[in-house]
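Q: from the sequence below, what's the structure:
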Amino acid sequence: MVLEAITNPIILIIFVLNILFAISLIFFERKNPSATLAWLAVLMFLPLLGFLLYLVFGQTFHREKMFKVKAELDVKQKSRLKEQLEELHEYKASPSDDELDKYLAMAHMLLVNDMALLTGNNKIQVYTDGMDKFNALLDAIKNATQHIHIEYYIIRNDALGKKIVAALAEKAKEGVEVRLIYDGLGCARLPQKFFKELTDAGGQVAGFFERKIPLLNIRVSYNKNYRDHRKIVVIDGTTGFVGGFNIGDEYLGKGPLGYWRDTHLKINGHAVGMLQVRFFQDWSFAAKEVLDAEKQYFPKEHEVTGDAAVQIVSCGPDTQWEPIKKGFIALINSATEFVYIQSPYFVLDESVMEALKIAALTGVDVRVMIPCKPDHPFVYWTSYANIGELLDAGAQAYTYDNGFIHSKTVVVDGLASSVGTANWDVRSFRLNFETNAFIYDREIAAVLKTAFENDINKSTEITKQLYGERSTKIKIKESISRLFSAAL
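A: Take a look at the predicted model:
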């Protein structure tokens, strides 16, 4: 039987492909050891399905070459924006009180890693409810006078999606410059003519990492990895939005997961200029158009009444040092009182897990909140397994019961925090394009801490006893999920 299997042409081809992919993993692709072992396990245990999964999700052989082009575009864009960056750098500021000075070394690290300027004079509004966030966004769009730059991972073909596009089209008709970036995979189900109202009005639209086939009149997202997971809006160079909400009715609590608990920021101040730089870089890649650094995109003078210090930090497969992850680790290592984390996915590599364990073991109050229901079951059980490991170190954990929590936040010691698009998982750290605001401000930290504590009242604590009583079926799910977690 074994001899017959080996001589079967199809099985032989699959066997050879598995060997070739294994060689590629080990010798050619620059994956970390954990990811390499995970994909080798996939190829070994799923020989028929494994190489198909690898082709769709795991193959990164062309990644370095592919994103070398984007990295070069980013450098060119930054050089074109040199004057604007220098002007922003003039606004650089230390945090607003002496106790926050301990984060200056971390801020320097993020500056070196991602050219993330530390800007002052920022006023920040925190939104935790979709209705509030989108009302604020629509108001800001309505009041735009010069330009609207908008970038989202998901835009749904539903009431909210159409309302946003209609509002953008209306401004375009008024002569406001409108540029929109959507992700090719996140928006793959949109009808071909979804943005026609906007483009007919003079707006410009670009798909991130997709190809158009004119003869067939279709759009193709040709890789499941390297997605533009960012949610950024810049209006008139003075107002910016960044956070976890995508555009769609489900983010108003009208989807199958129920109430949608997320966190988003509206920023007025000098940090908006850094969101603008990020959009310029992404537009160059997606639209193949380099925007001129005209003064209306970077207004020198606008009224700002806030005093929050903010860094806009981005990461993706085109960055070398995983700056957002490094920022998270630096925040954890700085903690002496507490670390509160919210994330829909909690699939961490060893470096972040060790930082959290050390914090918990040294007496820091480490708390993590994840959803009570999975939108991706495989990822959920890996998250649950990681929670169990942290419980052993003395951390506390909760499952959010009032719908679905999609918030991506961390707040430390009531002093520093981060809000943005990056989940606490290896995919956000290494494969997706993400953007987070790192904030050094007591007032915003207090708002996020209070939001976390309010959410505890709508959550179930995962105690060590509760975790220990999980069924054998759940234990099996966790074990299998953890085995492949580095390949997620």
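
Q: how is this structure carved up into domains?
A: Following automatic domain parsing, one gets these domains for the chain: 2-61, 64-312, 323-487.

Q: including mean pLDDT and mean neighbour count, could these go into TSV?
A: Heads up, the C-betas are built off the backbone N, CA and C, glycines and all. Shown next, in TSV, are the domains of the chain (pLDDT from 0 to 100; neighbours: other C-beta atoms under 10 Å):
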stretch	mean pLDDT	mean neighbour count
domain 2-61	57	15
domain 64-312	87	19
domain 323-487	92	20
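
Q: wait, what's in contact with Tyr440?
A: Contact analysis of Tyr440 by C-beta atoms under 8 Å, 6 or more residues apart in numbering lists 95-96, 100, 103, 107, 118, 308-310, 415-416.

Q: biggest separation within those, which pair?
A: The two members of these with the most space between them (C-beta to C-beta) are Leu118 and Leu415, at 14.8 Å.

Q: biggest strand in this protein by residues?
A: The longest strand of the chain (DSSP state E) is strand 119-129.

Q: using PDB, list the CA coordinates for it.
A: This file holds the C-alpha atoms of strand 119-129, laid out as PDB (Å, rounded to 0.1, in the frame of the first residue of the first chain):
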ATOM      1  CA  THR A 119       4.100  66.000  18.600                       C
ATOM      2  CA  GLY A 120       2.500  68.200  21.200                       C
ATOM      3  CA  ASN A 121      -0.600  70.500  21.400                       C
ATOM      4  CA  ASN A 122      -3.100  67.700  20.500                       C
ATOM      5  CA  LYS A 123      -6.700  67.600  21.500                       C
ATOM      6  CA  ILE A 124      -8.200  64.100  21.500                       C
ATOM      7  CA  GLN A 125     -11.700  62.800  21.700                       C
ATOM      8  CA  VAL A 126     -12.200  59.100  22.500                       C
ATOM      9  CA  TYR A 127     -15.200  57.300  21.000                       C
ATOM     10  CA  THR A 128     -16.300  53.800  22.200                       C
ATOM     11  CA  ASP A 129     -19.700  53.700  20.500                       C
END
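
Q: next helix or strand past it?
A: Going down the chain from strand 119-129, the next helix or strand is helix 130-142, by DSSP states H and E.

Q: list of residues touching that next one?
A: With C-beta under 8 Å, 6+ apart as the test, helix 130-142 has contacts from 125, 127, 148, 160, 163-164, 167-168, 171, 233, 235, 239, 241, 243, 245, 247, 251-253, 260, 262, 264, 266.

Q: just the residues you listed: which are in helices?
A: Per DSSP state H, helices hold the following members of those: 160, 163-164, 167-168, 171.

Q: tell me the one of the residues you listed nearest Gly403?
A: Distance to Gly403 across these (C-beta to C-beta) is lowest for Leu160, with 16.8 Å.

Q: who are the contact partners of that closest one?
A: Leu160 touches 134, 247-249, 251-252, counting by C-beta under 8 Å, 6+ apart.

Q: same thing but 10 Å
A: Neighbouring residues of Leu160 by C-beta atoms under 10 Å, 6 or more residues apart in numbering: 130, 134, 138, 246-252, 254.

Q: let me have these in TSV, adding distance to Glu478 as columns.
A: Formatted as TSV, the contacts of Leu160 follow (distance: C-beta to C-beta, whole Å):
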residue	distance to Glu478
Gly130	31
Phe134	36
Leu138	42
Asn246	28
Ile247	34
Gly248	31
Asp249	33
Glu250	27
Tyr251	29
Leu252	33
Lys254	32
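
Q: Ile332: which of these is nearest?
A: Using C-beta to C-beta, the contacts of Leu160 come closest to Ile332 at Asn246, 27.2 Å.

Q: that closest one contacts Glu151, correct?
A: No - using C-beta atoms under 10 Å, Asn246 is not in contact with Glu151; the gap is 11.2 Å.

Q: okay, and the common contacts of the two?
A: Among the neighbours of Asn246, those also in contact with Glu151 (C-beta under 10 Å, 6+ apart) are 183, 231.

Q: host element of Arg179?
A: Going by DSSP H and E, Arg179 is part of strand 177-183.

Q: beyond that strand, next helix or strand please.
A: For strand 177-183, the succeeding helix or strand toward the C-terminus, using DSSP H and E, is helix 196-200.
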